[in-house]
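A.B. asks: Turn this into a model:
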Amino acid sequence: EKSNMASVRVKDALQQALENLDHDFCKVSVEEGRAWESGTTAIVAVIVDEELVVANIGDCRAVICRSTEPRHGQDVEMSLHNDGWSQLEDEEDLSALWTRATTSTTTDDDDHIVRDWHWKEMVDVHSPSREDEKQRIESANGWITTEKEIPFDQLQRMDFCDEDVVEILKRCFSDRFNRSQPIASQKKYSASPQRIVQISRVCGELAVSRAIGDRDFKADFNQQNGNTALDDLPRGISWWDCPLLLPYPENHSRQFKGDLVSAVAESRTMKISQEDEFLVLACDGLWDVMDPDDAVRVTRGLLFEKNWPARKAAARLAELAIHLGSSDNITVIVIRFF
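C.D. replies: Numbering: from 1, shown residues only. Down below sits the predicted model:
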């Protein structure tokens, strides 16, 4: 109970700190003749006793890795699954699948499995396509646009001399060599280079629905409009004008109520156990080109096979993101628990 109270206070403190940071950043962006239209996402992790608290704004992600005894029973496996954990596929099994498909040889070695590893995403990304975010934006008189693209330029930037890049690509294309497994049950690689990317944007502009900054999308930092010909609004809420040249839909009033982009953080808590190994925090520059299970697989190898320190492992993940063709900002932090 004492730990729960501490985590609640930490969540409240993080929420207030991030809101204060947003307010100060929005003020600074117009002081002394500035006209900044920029913003940023954020993710913060705090450990209080054995309680992990993660707060996020935007499309940063946090992924945690846990190791368990192999074949620990169906009940335990089901409990992990219901709590959001996914089992990490064994890398040697995937390599064997690729070898059989490309060389027509087989291997029979099950002795390498000494632990099972699971991973879990600790946050939900704030995308305009998320149903609750979409409803909030539309309630503010905003709208969502959607576009699709195939990231051909990512392929052009890839470094195929990086062995980890090659291994990740093998996993992305492994479905083409695993004809015995039904397509519906095969893993979907959300960061594979052959994917079709669907991008949702707030009012045709921002691809995130929550952010620090981006003052042009927030009520408190734009010109209030006293137009009473529109809907009656609750006390303290006014219509406001956006200073940007937006692609307004036909017959739109060109006024908004409330924030189109929010600075309210979402938080999750989890009790850390001796089985939890590490946490990866990163912005979308990593996750655009690397799935969470691949990030966990690479990090495990660096921390426990090569015995790298967490800082060096984080730098390697950032380097790998560049070699996988990322063109976005890349920030990575690795926290090793034990």
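A.B. asks: Identify the bridge partners of Glu147.
C.D. replies: When assigned by DSSP bridges, Glu147 has beta-bridge partners Ile199.
A.B. asks: measure it to Gln274 for me?
C.D. replies: Between Glu147 and Gln274 the distance is 46 Å, computed by Cβ to Cβ, to the nearest Å. (Glycine included, C-beta is placed from N, CA and C.)
A.B. asks: Ala207 too?
C.D. replies: As judged by Cβ to Cβ, Ala207 and Gln274 stand 39 Å apart.
A.B. asks: Compute the number of surrounding residues for His23.
C.D. replies: Counted with other Cβ atoms under 10 Å, the neighbours of His23 add up to 16.
A.B. asks: residues touching it, list them.
C.D. replies: 220, 263 (Cβ atoms under 8 Å, 6 or more residues apart in numbering).
A.B. asks: Going along the chain, name the strands of the stretch 151-300 of the chain.
C.D. replies: Here the stretch 151-300 of the chain has its strands, by DSSP state E, counting those that start in this stretch, at 197-202, 212-213, 224-225, 239-240, 256-257, 266-271, 276-282.
A.B. asks: Could you tell me the least trusted of these?
C.D. replies: Of all these, strand 224-225 carries the lowest average pLDDT, namely a mean of 78.
A.B. asks: Check which strands are paired with it and give the direction for each one.
C.D. replies: Strand 224-225 pairs in its sheet with strand 239-240 (antiparallel), by DSSP bridges.
A.B. asks: so how far is the strand it pairs with off the chain centroid?
C.D. replies: 31 Å (Cα atoms, centre = their mean, to the nearest Å).
A.B. asks: Kindly report the same for stretch 288-303.
C.D. replies: Computed by Cα atoms, centre = their mean, the separation of stretch 288-303 from the middle of its chain amounts to 13 Å.
A.B. asks: More neighbours: which of Ala207 and Gln274?
C.D. replies: It is Ala207, of Ala207 and Gln274, that has more neighbours when counted by other Cβ under 10 Å, with 16 against 10.
A.B. asks: how near is that one to Thr331?
C.D. replies: Per Cβ to Cβ, Ala207 is found 17 Å from Thr331.
A.B. asks: Now for Thr145, how many residues are close by?
C.D. replies: Per other Cβ under 10 Å, the neighbour tally for Thr145 reads 14.
A.B. asks: can you give me the angle the helix or strand encompassing it makes with strand 197-202?
C.D. replies: In this assignment (DSSP states H and E), Thr145 forms part of strand 144-149. Counting by axes from the mean of the first three to the mean of the last three Cα atoms, to 10 degrees, strand 144-149 lies at 160 degrees to strand 197-202.
A.B. asks: Is Ala62 in a helix, a strand, or coil?
C.D. replies: Secondary structure assignment for Ala62 (DSSP: H, G, I helix; E, B strand; the rest coil): strand.
A.B. asks: How about the contacts made by it?
C.D. replies: Counted by Cβ under 8 Å, 6+ apart, Ala62 has contacts 43, 45, 54, 56, 121-123, 279-281.
A.B. asks: Could you do Ile150 as well?
C.D. replies: By Cβ under 8 Å, 6+ apart, the contact set of Ile150 is 194-197.
A.B. asks: out of those, which is most surrounded?
C.D. replies: Going by other Cβ under 10 Å, Arg195 tops the contacts of Ile150 with 15 neighbours.
A.B. asks: what's the distance between that one and Phe152?
C.D. replies: 11 Å.
A.B. asks: go on, Val54?
C.D. replies: Relative to Phe152, Val54 is positioned 34 Å away (Cβ to Cβ).
A.B. asks: Of the two, which one has the most company?
C.D. replies: More crowded of Val54 and Phe152, by other Cβ under 10 Å: Val54, with 26 against 10.
A.B. asks: nearest spatial neighbour of that one, skipping sequence neighbours?
C.D. replies: With sequence-adjacent residues excluded and distances taken as Cβ to Cβ, 6 or more residues apart in numbering, Val54 is closest to Met122, at 4.5 Å.
A.B. asks: swap in Asp328?
C.D. replies: Of all residues beyond its chain neighbours, the one nearest Asp328 is Gly285 (3.8 Å), with distances taken as Cβ to Cβ, 6+ apart.
A.B. asks: In stretch 41-50, which residues are buried?
C.D. replies: Going by neighbour count (16 or more other Cβ atoms under 10 Å), the buried part of stretch 41-50 is 41-46.
A.B. asks: And the contacts of that stretch?
C.D. replies: With Cβ under 8 Å, 6+ apart as the test, stretch 41-50 has contacts from 3, 6-7, 10, 14, 18, 21, 52-62, 123, 126, 208, 210-212, 265, 271-273, 279, 281, 283-284, 333, 335.
A.B. asks: re earlier: the residue nearest to Val54 is in contact with Ile64, isn't it?
C.D. replies: Yes - counting by Cβ atoms under 8 Å, Met122 touches Ile64, with 5.9 Å between them.
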